[in-house]
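[1] coords please:
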Amino acid sequence: MTELTRTAQCSCGQLRATTQGEPVRVSICHCFACQRRTGSSHGVQARFPVANVQVVGQSRSYRRVAESSNTIRFRFCPTCGATVSLSIDSDPDLLGIPVGAFADPQFPTPTVSIYECSAHSWFVPPADAERWD
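    Residues are numbered from 1 along each chain as shown. This is a model prediction of the structure:
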């Protein structure tokens, strides 16, 4: 059996991340920083073991300290500005990929919804998702 391969990319296609296998976790984040970074009401990312991701292309990075006190590094395309990966210093074995960068309507459903205290009142997470304020 062949292992599942997916490719995420920035808007212009210059920066790509190819993943092997299923994500360890798919989560929705409603924190204000994710809202600002995505320009949406929330961010959705899938985390994969670092060994299962190959990133190709030029990137720039932006680091910030999250409300959780974790330092997060976002890697984005210097041409179009789209985020293609993120890493959390406290969990160096995983790499996050924004789910939208896969442009795959069949991508696995998020199983965790975090910072719901900042969620838009009209947002409804998946019924069986673990929910954190």
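[2] where exactly do the strands run in this structure?
    5-9, 16-20, 25-29, 43-49, 53-56, 60-65, 71-76, 83-88, 94-98, 112-114, 130-131 (DSSP state E).
[3] point out the most buried one among those strands.
    Most buried of these by mean neighbour count (mean count of other CB atoms under 10 Å) is strand 94-98; its value is a mean of 23. For glycine as for every other residue, the C-beta is placed from the backbone atoms N, C-alpha and C.
[4] by how many degrees do that one and strand 43-49 diverge?
    Following axes from the mean of the first three to the mean of the last three CA atoms, to 10 degrees, one obtains 150 degrees for the angle between strand 94-98 and strand 43-49.
[5] quick check: mean pLDDT across strand 94-98?
    Per-region confidence: strand 94-98 scores 98 on mean pLDDT.
[6] and it, what other elements does it pack with?
    strand 16-20, strand 43-49, strand 83-88 (3 or more CB pairs under 8 Å, 6 or more residues apart in numbering; DSSP states H and E).
[7] could you rerun that using 6 Å?
    On a contact count with 3 or more CB pairs under 6 Å, 6 or more residues apart in numbering; DSSP states H and E, strand 94-98 meets strand 43-49, strand 83-88.
[8] chain neighbours aside, what residue packs nearest to Cys12?
    Spatially, and ignoring its direct neighbours in sequence, Cys12 is nearest to Cys80 (4.2 Å; CB to CB, 6 or more residues apart in numbering).
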